[in-house]
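Visitor: Generate coordinates for the sequence data below:
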Amino acid sequence: MLFLELLGYLLLILVAAEIFVNALEHLGERLRISEGVTGSLFAAVGTAMPETLVPLLAIFGAASSVESGHEIGVGAILGAPLMLSTLSLCLMGLAALGRRGLRGRLMPERSGLKRDLDFFLMAFLLAFVAMFIPHGDGLVRAALAFVMVTIYFVYVLLTLRASARLVEDGHGTEASSAMLLTRLGLPYTLFSIIVQLALGLTLLVVGAKGFIQGVEQVAPIIGISALLLSLMIIPIATELPEKVNSILWIRKRKDTLAFGNITGAMVFQGTLLPAIGISLTPWTAEQRAVWLGVGITLLAAFWLRWAALNGGLRVWHLFVNGALYVTYLVAVLA
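Guide: Numbers count the residues shown, from 1 in each chain. Predicted structure coming up:
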């Protein structure tokens, strides 16, 4: 029964994310902004809501104990970029393999991809450094958290600044399907878009809170810690929106949207969420699963950046990211 409840909450999260993302696409089209902004900011933040809400609710009291909440929170914060930079990219490669072949080219807008990865690597390296700062040294931790929030703010400004030029170059946002509320008879207005955004967000909160409580109960049943479960299982489940959307976009050859959806979410989750973790949890690298996960994430992001800027991305490059995820699993479960 417990596993059925988890499945139910997961389905609620996925439905809510679809409602949210559908409204975001139409908001991007209505505001006449670029695919880069829609993918790296709007869609990335929207589809990142499930794995964003899980650690936030865990840290702020949805878990049954402070210690358990911290474990779930830290695991979900660090596990999300790990899954995005490895498994999610590998699934995109598999989706493109049939039509493009192993050496087929992937053509995301290069400047946006480089910007996403540069900002993510800068922030996540800081998050790694913060793990070695004593929890009692609150002033230094607070300063690092402030810097990481500032990094995301600057990233948003630069991404928005690049939007007008990208629209002129033919990278304007186009919604892939009709807005859900208009199919129910509501008029297509900015107000109805906002209403759908609010509906999706509300459902996401309900689903994420139920999912946290289910994870706490499942962890002792299957014999692993809440931290390890949060690092490995929660991100796979809650990142399904990113995976599904990016797979659909890569199959339609909308490479900029596909990559922006993932790398933009990496920036969001590599800046704001670690800033909260640094400020409100012990945030240490005492457990092997934690520091190994951070190391694999950084290596995967460096690899993607190198491949993109040295001859261009090909399908097989993404399978290296998948191999890094398998390496992580073998190392932590051995």
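
Visitor: And L6, which helix or strand is it part of?
Guide: Per DSSP states H and E: L6 is located in helix 2-31.

Visitor: Then L78?
Guide: helix 66-83.

Visitor: Could you give the average pLDDT over the next helix or strand after that helix?
Guide: As assigned by DSSP H and E, the chain's next helix or strand after helix 66-83 is helix 89-100. Mean pLDDT, computed over helix 89-100, is 92.

Visitor: try stretch 156-176
Guide: The model assigns stretch 156-176 a mean pLDDT of 66.

Visitor: In contact with L106, which residues?
Guide: Taking C-beta atoms under 8 Å, 6 or more residues apart in numbering, we find L106 in contact with 96, 100, 250, 255, 259, 312-315, 317-318. C-beta coordinates here come from the backbone N, C-alpha and C atoms, glycine included.

Visitor: still on that earlier bit, could I get the buried residue list for the helix holding L6?
Guide: Buried residues in helix 2-31, counting neighbours by 16 or more other C-beta atoms under 10 Å, are found at 6, 9-10, 12-14, 16-29.

Visitor: related to what we said a few turns ago, rebuild the contacts of L106 as JSON lines, extending it with secondary structure, neighbour count and distance to Y152.
Guide: Conversion of the contacts of L106 to JSON lines gives the following (DSSP: H, G, I helix; E, B strand; the rest coil; neighbours: other C-beta atoms under 10 Å; distance: C-beta to C-beta, whole Å):
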{"residue": "A96", "secondary structure": "helix", "neighbour count": "23", "distance to Y152": "29"}
{"residue": "R100", "secondary structure": "helix", "neighbour count": "16", "distance to Y152": "33"}
{"residue": "I250", "secondary structure": "helix", "neighbour count": "26", "distance to Y152": "26"}
{"residue": "D255", "secondary structure": "helix", "neighbour count": "22", "distance to Y152": "24"}
{"residue": "F259", "secondary structure": "helix", "neighbour count": "29", "distance to Y152": "18"}
{"residue": "G312", "secondary structure": "coil", "neighbour count": "13", "distance to Y152": "28"}
{"residue": "L313", "secondary structure": "coil", "neighbour count": "23", "distance to Y152": "25"}
{"residue": "R314", "secondary structure": "strand", "neighbour count": "18", "distance to Y152": "30"}
{"residue": "V315", "secondary structure": "helix", "neighbour count": "22", "distance to Y152": "30"}
{"residue": "H317", "secondary structure": "helix", "neighbour count": "19", "distance to Y152": "26"}
{"residue": "L318", "secondary structure": "helix", "neighbour count": "25", "distance to Y152": "25"}
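
Visitor: Go through those residues and name the one nearest R161.
Guide: F259 (19.5 Å; C-beta to C-beta).

Visitor: Would you check that the closest one makes contact with L113?
Guide: Yes - contact status for F259 versus L113: in contact at 5.7 Å, counting by C-beta atoms under 8 Å.

Visitor: where exactly do the helices run in the stretch 151-300 of the chain?
Guide: All helices of the stretch 151-300 of the chain, identified by DSSP state H, counting those that start in this stretch, fall at 163-168, 180-183, 190-222, 226-238, 240-251, 255-280, 288-309.

Visitor: Please work out which of those is packed deepest.
Guide: Highest mean neighbour count among those (mean count of other C-beta atoms under 10 Å): helix 255-280, with a mean of 27.

Visitor: on contacts alone, who are the packing partners of it?
Guide: Helix 255-280 sits against helix 35-37, helix 44-47, helix 49-57, helix 66-83, helix 89-100, helix 110-130, helix 138-161, helix 240-251, with contacts defined as 3 or more C-beta pairs under 8 Å, 6 or more residues apart in numbering; DSSP states H and E.

Visitor: mind showing which ranges of the stretch 151-300 of the chain have poor pLDDT?
Guide: Counting by pLDDT under 70, the stretch 151-300 of the chain has low-confidence residues at 163-176, 208, 212, 215-216, 218-220, 222-234, 236-242, 285.

Visitor: Give me the residue at the spatial middle of the chain.
Guide: A265 (3.8 Å; C-alpha atoms, centre = their mean).

Visitor: now, which of the contacts of L106 sits nearest F153?
Guide: Of all those, F153 sits closest to F259, with 22.2 Å by C-beta to C-beta.

Visitor: Spell out the secondary structure type for the closest residue to the closest one other than its chain neighbours.
Guide: Spatial nearest neighbour of F259, excluding adjacent residues (C-beta to C-beta, 6 or more residues apart in numbering): P108 at 3.9 Å. Secondary structure, DSSP: H, G, I helix; E, B strand; the rest coil: P108 is coil.
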